[in-house]
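> sequence-free structure coming up:
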Ligand SMILES: Cc1ncc(COP(=O)(O)O)c(C=O)c1O
């Protein structure tokens, strides 16, 4: 097992998710000094600024600040759909798998799932086949939802070209297109494109100010002014109208203007982690895309992934997520608080445990 005592870099290194990122000193200062007002009266200048800047940046007409990605997706779907409508979503999408079925639970909306492919796309043919005919036995198919980057597919980004194809199909068939873009800026960084190109054909899009962009909370939902008016009503019904929300929007403005351009660093660090791990004999690197890395342990590692994750945490203050599945995969996500020194420390800790 190597010499663990030689290990003295004991700062917590939390790779479980980019959701564990916390606000920078600049964000904390901006939050302390934020000019605020009652946002339910549209009176909070900092929220208004965030919404205007986000709309301009993503090329949409209007925006609304929401508490989370989950709330943004639900507000969007409630604003687009009637009870009894159906939406076409990926079977491993965040909307379907990880939002408690809020669309069905609260909106009375039927998710019609189709398979998410290994490259995170939905096949156009599958979308076509999921559209219900105009028949009183069937729900009305209202919308198709994409996810960019795709969480469960391993952080894989969807290209502007692919999104445009789905947008074209949706338009031809009279459907709306919503993009769950919780990490859309990671996708823009991965393709080195203006984020506008990735959402050009969408009727609505959400993105998160937390996660890779490091704000403590908040997401933005964007679309047409009429859609945003309906989404604001949904937000109110969901208890998401926050009064002096400028305290959060102040951090959001820094996230939007200063943090998105450094996401490439997170991707590079994920690449370095994957490369370093692949050089360790008992490690099998399964996938790396944007800021996500998945790996598993070879049989001769002599321990389960749960034991390995526990040891890393106990002995080295390195946190990873056991992701499960047949291979006992382990998931890592890089973010602002994971630097080169942290990568070196993690690789040294893994080597020490396994050799
Ligand atoms: C793709 C995707 N959409 C939506 C969300 C929900 O975001 P929140 O945790 O802010 O509700 C997440 C969270 O991880 C996500 O990965």
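Looks like it came in fine. Since the model is a prediction, treat every value here as computed from it, not as a measurement.

> and the residue of the chain nearest the ligand?
Per C-beta to the nearest ligand atom, the residue of the chain with the smallest distance to the ligand is residue 69, at 2.5 Å. All C-beta atoms are positioned from the backbone trio N, CA, C, and that covers glycine.

> Phi and psi next, for residue 156.
When read as degrees, to the nearest 10, the backbone of residue 156 gives phi -80, psi 130.

> what separates it from residue 120, distance-wise?
For residue 156, the distance to residue 120 equals 4 Å [C-beta to C-beta, to the nearest Å].

> how about the residue of the chain closest to the ligand, what does it touch?
When contacts are counted by C-beta atoms under 8 Å, 6 or more residues apart in numbering, residue 69 touches 94, 180, 182, 206-208, 219.

> Need the overlap of contacts for residue 156 and residue 120.
The contact lists of residue 156 and residue 120 share 149-150, where a contact means C-beta under 8 Å, 6+ apart.

> Was I right to think residue 116 contacts residue 123?
No: with contacts counted by C-beta atoms under 8 Å, residue 116 stays clear of residue 123, the gap being 9.6 Å.

> So between these two, which is more surrounded?
Using other C-beta atoms under 10 Å, the more surrounded residue of residue 116 and residue 123 is residue 116, with 23 against 12.

> and that one, what are its bridge partners?
Beta-bridge partners recorded for residue 116 (DSSP bridges): residue 122.

> Model confidence for residue 326, exactly?
As summarised for this prediction, residue 326 has a pLDDT of 79.

> oh sorry, the question was meant for residue 355
Residue 355 is given a pLDDT of 86.

> ok, now residue 2?
At residue 2 the predicted local confidence, pLDDT, stands at 40.

> Could I get the full set of strands for the stretch 101-250 of the chain?
In chain order, the stretch 101-250 of the chain shows strands spanning 110-114, 141-147, 176-180, 204-208, 219-223, with DSSP state E, counting those that start in this stretch as the criterion.

> Generate a markdown table for those strands, with distance to residue 60 and mean neighbour count as supplementary columns.
Shown next, in a markdown table, are these (distance: least, C-beta to C-beta, whole Å; neighbours: other C-beta atoms under 10 Å):
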| stretch | distance to residue 60 | mean neighbour count |
| --- | --- | --- |
| strand 110-114 | 24 | 19 |
| strand 141-147 | 16 | 25 |
| strand 176-180 | 11 | 26 |
| strand 204-208 | 7 | 29 |
| strand 219-223 | 4 | 28 |
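
> Low-confidence regions, the stretch 1-150 of the chain specifically.
By pLDDT under 70, the weakly predicted segments of the stretch 1-150 of the chain are 1-10.

> Show me which residues of it are close to the ligand?
By the rule C-beta under 6 Å from any ligand atom, the part of the stretch 1-150 of the chain lying against the ligand is 19, 68-70, 94, 147.

> The same query, at a cut-off of 8 Å, please.
Residues of the stretch 1-150 of the chain lying close to the ligand by C-beta under 8 Å from any ligand atom are 17, 19, 67-73, 93-95, 98-99, 147, 149-150.

> are any of those residues buried, and which?
With burial judged by 16 or more other C-beta atoms under 10 Å, the buried subset of these is 17, 67-73, 93-95, 99, 147, 149-150.

> Show me the contact partners of stretch 320-336.
Counting by C-beta under 8 Å, 6+ apart, residues outside stretch 320-336 touching it are 15-18, 20-21, 24, 155, 211-212, 214, 259, 262, 266-267, 269-270, 273, 284, 286, 291-297, 304-306, 308-309, 312-313.

> Only the buried subset of these, as a PyMOL command please.
Once 16+ other C-beta under 10 Å is used to decide burial, the buried members of the contacts of stretch 320-336 can be selected in PyMOL as follows:
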select buried, resi 15+16+17+18+20+21+24+155+211+212+214+259+266+267+269+270+273+284+286+291+292+293+294+295+296+297+305+308+309+312
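
> Narrow the contacts of stretch 320-336 to those in helices?
In helices, judged by DSSP state H, the following of the contacts of stretch 320-336 are found: 266-267, 269-270, 273, 305-306, 308-309, 312-313.

> and these, which two are the farthest apart?
Across these, no pair lies farther apart than 267 and 306, at 28.0 Å, counting by C-beta to C-beta.

> care to break this structure down by domain?
According to the domain assignment given by automatic domain parsing, the chain is divided into the following structural domains: 4-20+262-354, 25-260.

> Identify, out of the ones you listed, the most deeply packed stretch.
For the domains of the chain, ranked by mean neighbour count under the definition mean count of other C-beta atoms under 10 Å, the leader is domain 25-260 at a mean of 20.

> which bits of the stretch 201-350 of the chain sit near the ligand?
Looking at the ligand, the residues of the stretch 201-350 of the chain close enough under C-beta under 8 Å from any ligand atom are 206, 208, 210-211, 217, 219.

> would you turn those into CSV with pLDDT?
Shown next, in CSV, are those (pLDDT from 0 to 100):
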residue, pLDDT
206, 98
208, 98
210, 97
211, 97
217, 98
219, 98
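
> Now distance to residue 40 too, for those, in TSV please.
Converted to TSV, these look like this (distance: C-beta to C-beta, whole Å):
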residue	distance to residue 40
206	20
208	22
210	22
211	26
217	18
219	18
